[in-house]
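Participant: Dropping a prediction and its sequence here:
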Amino acid sequence: MNKTPDTTRDKILNTAEQLIYQNGIHATGMDLLVKTSGVARKSIYRHFANKEDVAAAALTVRDEKWMHWFRTESDKGETPEDRILTMFTVLGRWFESDGFRGCAFINTAAEVGNPDDPVRQIAKRHKQKLLDYTLELTEQLPTAQPAALARQLLILMEGAITTAYVMGDRHAADSAREVARLLLAHLS
(Lines give C-alpha, C1' and ligand atoms only; values in the text may rest on other atoms or scores of the structure.)
Protein backbone atom coordinates (compact mmCIF):
# COMPACT_ATOMS: atom_id res chain seq x y z
CA MET A 1 0.00 0.00 0.00
CA ASN A 2 1.42 3.37 -1.01
CA LYS A 3 1.64 6.08 1.60
CA THR A 4 -0.20 9.28 0.90
CA PRO A 5 1.84 12.48 1.01
CA ASP A 6 0.03 13.56 4.18
CA THR A 7 0.94 10.29 5.91
CA THR A 8 4.59 10.66 4.88
CA ARG A 9 4.62 14.29 5.98
CA ASP A 10 3.02 13.35 9.31
CA LYS A 11 5.59 10.61 9.82
CA ILE A 12 8.42 13.05 9.15
CA LEU A 13 6.95 15.63 11.52
CA ASN A 14 6.17 13.15 14.30
CA THR A 15 9.67 11.69 14.12
CA ALA A 16 11.29 15.13 13.96
CA GLU A 17 9.22 16.33 16.90
CA GLN A 18 10.34 13.37 19.03
CA LEU A 19 14.00 13.68 18.00
CA ILE A 20 14.11 17.42 18.57
CA TYR A 21 12.52 17.06 22.00
CA GLN A 22 14.89 14.26 22.92
CA ASN A 23 18.12 15.58 21.40
CA GLY A 24 17.67 19.22 20.41
CA ILE A 25 17.68 20.81 16.98
CA HIS A 26 21.43 20.81 16.40
CA ALA A 27 21.78 17.12 17.27
CA THR A 28 18.87 16.17 15.02
CA GLY A 29 20.44 15.97 11.60
CA MET A 30 18.88 14.81 8.38
CA ASP A 31 20.74 11.49 8.57
CA LEU A 32 19.18 10.72 11.95
CA LEU A 33 15.75 11.81 10.71
CA VAL A 34 16.03 9.54 7.66
CA LYS A 35 17.23 6.60 9.76
CA THR A 36 14.64 7.01 12.51
CA SER A 37 11.63 7.82 10.35
CA GLY A 38 12.37 5.33 7.60
CA VAL A 39 11.52 8.06 5.08
CA ALA A 40 14.00 8.58 2.26
CA ARG A 41 15.91 11.86 2.21
CA LYS A 42 14.46 12.64 -1.22
CA SER A 43 10.93 12.26 0.16
CA ILE A 44 11.73 14.56 3.07
CA TYR A 45 12.96 17.21 0.64
CA ARG A 46 9.72 16.88 -1.33
CA HIS A 47 7.89 18.15 1.73
CA PHE A 48 10.47 20.52 3.24
CA ALA A 49 13.15 22.78 1.79
CA ASN A 50 15.68 22.09 4.55
CA LYS A 51 16.22 20.92 8.12
CA GLU A 52 15.15 24.30 9.50
CA ASP A 53 11.78 23.98 7.77
CA VAL A 54 11.34 20.48 9.23
CA ALA A 55 12.20 21.77 12.70
CA ALA A 56 9.82 24.73 12.46
CA ALA A 57 6.96 22.55 11.21
CA ALA A 58 7.60 19.92 13.89
CA LEU A 59 7.60 22.54 16.63
CA THR A 60 4.38 24.03 15.26
CA VAL A 61 2.78 20.59 15.45
CA ARG A 62 4.07 20.14 19.01
CA ASP A 63 2.65 23.53 19.98
CA GLU A 64 -0.79 22.59 18.69
CA LYS A 65 -0.78 19.17 20.36
CA TRP A 66 0.66 20.41 23.65
CA MET A 67 -1.74 23.34 23.96
CA HIS A 68 -4.73 21.13 23.11
CA TRP A 69 -3.65 18.58 25.73
CA PHE A 70 -2.91 21.24 28.36
CA ARG A 71 -6.18 23.13 27.86
CA THR A 72 -8.28 19.97 27.76
CA GLU A 73 -6.76 18.67 30.99
CA SER A 74 -6.80 22.03 32.78
CA ASP A 75 -10.39 22.73 31.77
CA LYS A 76 -11.48 19.75 33.87
CA GLY A 77 -11.53 22.11 36.83
CA GLU A 78 -15.05 23.33 37.63
CA THR A 79 -14.36 27.02 38.26
CA PRO A 80 -11.76 29.43 36.87
CA GLU A 81 -9.83 29.13 40.16
CA ASP A 82 -9.97 25.33 39.95
CA ARG A 83 -8.78 25.41 36.34
CA ILE A 84 -5.85 27.63 37.31
CA LEU A 85 -4.81 25.28 40.10
CA THR A 86 -5.41 22.28 37.84
CA MET A 87 -2.87 23.72 35.39
CA PHE A 88 -0.19 22.97 37.97
CA THR A 89 -1.53 19.48 38.60
CA VAL A 90 -1.36 18.83 34.85
CA LEU A 91 2.21 20.12 34.77
CA GLY A 92 3.08 17.83 37.67
CA ARG A 93 1.80 14.78 35.79
CA TRP A 94 3.84 15.85 32.77
CA PHE A 95 6.97 16.20 34.92
CA GLU A 96 6.57 12.61 36.09
CA SER A 97 5.96 11.20 32.61
CA ASP A 98 8.52 9.04 30.85
CA GLY A 99 10.86 11.04 28.70
CA PHE A 100 10.16 14.44 30.31
CA ARG A 101 12.90 16.77 29.09
CA GLY A 102 11.53 20.16 30.02
CA CYS A 103 9.84 22.53 27.62
CA ALA A 104 10.65 21.88 23.97
CA PHE A 105 10.14 25.57 23.24
CA ILE A 106 12.49 26.84 25.93
CA ASN A 107 15.05 24.22 24.95
CA THR A 108 14.98 24.95 21.23
CA ALA A 109 14.80 28.73 21.69
CA ALA A 110 18.01 28.46 23.70
CA GLU A 111 19.70 26.74 20.75
CA VAL A 112 19.27 29.69 18.40
CA GLY A 113 20.70 33.11 19.07
CA ASN A 114 18.69 35.20 16.67
CA PRO A 115 15.39 36.42 18.17
CA ASP A 116 13.97 36.58 14.63
CA ASP A 117 14.78 32.93 13.92
CA PRO A 118 11.59 30.97 13.09
CA VAL A 119 12.22 28.61 16.01
CA ARG A 120 12.38 31.51 18.46
CA GLN A 121 9.23 32.97 16.96
CA ILE A 122 7.40 29.64 17.36
CA ALA A 123 8.56 29.46 20.98
CA LYS A 124 7.35 33.02 21.56
CA ARG A 125 3.94 32.23 20.02
CA HIS A 126 3.67 29.11 22.19
CA LYS A 127 4.33 31.09 25.37
CA GLN A 128 1.90 33.77 24.21
CA LYS A 129 -0.80 31.11 23.75
CA LEU A 130 -0.14 29.86 27.26
CA LEU A 131 -0.39 33.41 28.59
CA ASP A 132 -3.58 34.02 26.58
CA TYR A 133 -5.20 30.89 28.02
CA THR A 134 -4.20 31.93 31.54
CA LEU A 135 -5.60 35.41 30.89
CA GLU A 136 -8.91 33.86 29.77
CA LEU A 137 -9.12 32.30 33.23
CA THR A 138 -7.95 35.31 35.24
CA GLU A 139 -10.45 37.56 33.47
CA GLN A 140 -13.18 35.45 35.06
CA LEU A 141 -11.90 36.19 38.57
CA PRO A 142 -12.69 39.13 40.85
CA THR A 143 -9.46 41.01 40.18
CA ALA A 144 -8.82 44.50 38.89
CA GLN A 145 -5.63 43.33 37.19
CA PRO A 146 -6.26 40.04 35.36
CA ALA A 147 -3.33 40.59 32.97
CA ALA A 148 -0.85 41.09 35.80
CA LEU A 149 -2.15 37.96 37.55
CA ALA A 150 -1.92 35.96 34.31
CA ARG A 151 1.72 37.03 33.86
CA GLN A 152 2.50 36.04 37.46
CA LEU A 153 0.93 32.62 36.92
CA LEU A 154 2.86 32.17 33.68
CA ILE A 155 6.10 32.89 35.52
CA LEU A 156 5.13 30.29 38.13
CA MET A 157 4.46 27.72 35.39
CA GLU A 158 7.68 28.47 33.54
CA GLY A 159 9.65 28.38 36.77
CA ALA A 160 8.13 25.04 37.69
CA ILE A 161 8.96 23.58 34.26
CA THR A 162 12.55 24.78 34.44
CA THR A 163 13.02 23.65 38.04
CA ALA A 164 11.55 20.23 37.29
CA TYR A 165 13.89 19.72 34.36
CA VAL A 166 17.11 21.40 35.47
CA MET A 167 16.94 20.49 39.15
CA GLY A 168 15.15 17.16 38.67
CA ASP A 169 12.49 18.37 41.12
CA ARG A 170 9.38 16.51 40.02
CA HIS A 171 7.44 18.27 42.81
CA ALA A 172 8.10 21.77 41.44
CA ALA A 173 4.52 21.98 40.17
CA ASP A 174 3.21 21.33 43.70
CA SER A 175 5.28 24.22 45.04
CA ALA A 176 4.14 26.49 42.22
CA ARG A 177 0.50 25.48 42.81
CA GLU A 178 0.83 26.53 46.45
CA VAL A 179 2.14 29.95 45.42
CA ALA A 180 -0.71 30.23 42.91
CA ARG A 181 -3.14 29.34 45.69
CA LEU A 182 -1.72 32.23 47.77
CA LEU A 183 -2.12 34.63 44.84
CA LEU A 184 -5.72 33.54 44.34
CA ALA A 185 -6.50 33.80 48.07
CA HIS A 186 -5.59 37.49 47.97
CA LEU A 187 -8.29 38.21 45.39
CA SER A 188 -11.12 37.99 47.86
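Facilitator: It's in.

Participant: Past the longest helix belonging to the chain, which element shows up next along the chain?
Facilitator: Looking across the chain with DSSP state H, the single longest helix is helix 51-74. Counting by DSSP states H and E, the next helix or strand C-terminal to helix 51-74 is helix 80-95.

Participant: And that next one, what does it pack against?
Facilitator: Helices and strands touching helix 80-95, by 3 or more CB pairs under 8 Å, 6 or more residues apart in numbering; DSSP states H and E, are helix 51-74, helix 118-138, helix 146-166, helix 172-185. Glycine gets a C-beta too; all of them are placed from N, C-alpha and C.

Participant: got CSV for these, with mean pLDDT, mean neighbour count and distance to residue 32 too?
Facilitator: Below are those laid out as CSV (pLDDT from 0 to 100; neighbours: other CB atoms under 10 Å; distance: least, CB to CB, whole Å):
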stretch, mean pLDDT, mean neighbour count, distance to residue 32
helix 51-74, 96, 18, 10
helix 118-138, 97, 18, 18
helix 146-166, 98, 18, 22
helix 172-185, 97, 17, 31
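
Participant: Including distance to residue 25, could the ones you listed go into TSV?
Facilitator: TSV is the format used below for the helices and strands packed on helix 80-95 (distance: least, CB to CB, whole Å):
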stretch	distance to residue 25
helix 51-74	5
helix 118-138	7
helix 146-166	17
helix 172-185	25
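
Participant: Can you say which of the ones you listed is nearest to residue 95?
Facilitator: helix 146-166 (4.2 Å; CB to CB).

Participant: which one is residue 15 nearest to, not counting chain neighbours?
Facilitator: Computed as CB to CB, 6 or more residues apart in numbering, the closest residue to residue 15 that is not its neighbour in sequence is residue 37, at 3.8 Å.

Participant: doesn't residue 11 make contact with that neighbour?
Facilitator: Yes. Residue 37 is within contact range of residue 11, at 5.6 Å (criterion: CB atoms under 8 Å).

Participant: Which residue of these two possesses the greater neighbour count?
Facilitator: residue 37 (19 against 16; other CB atoms under 10 Å).
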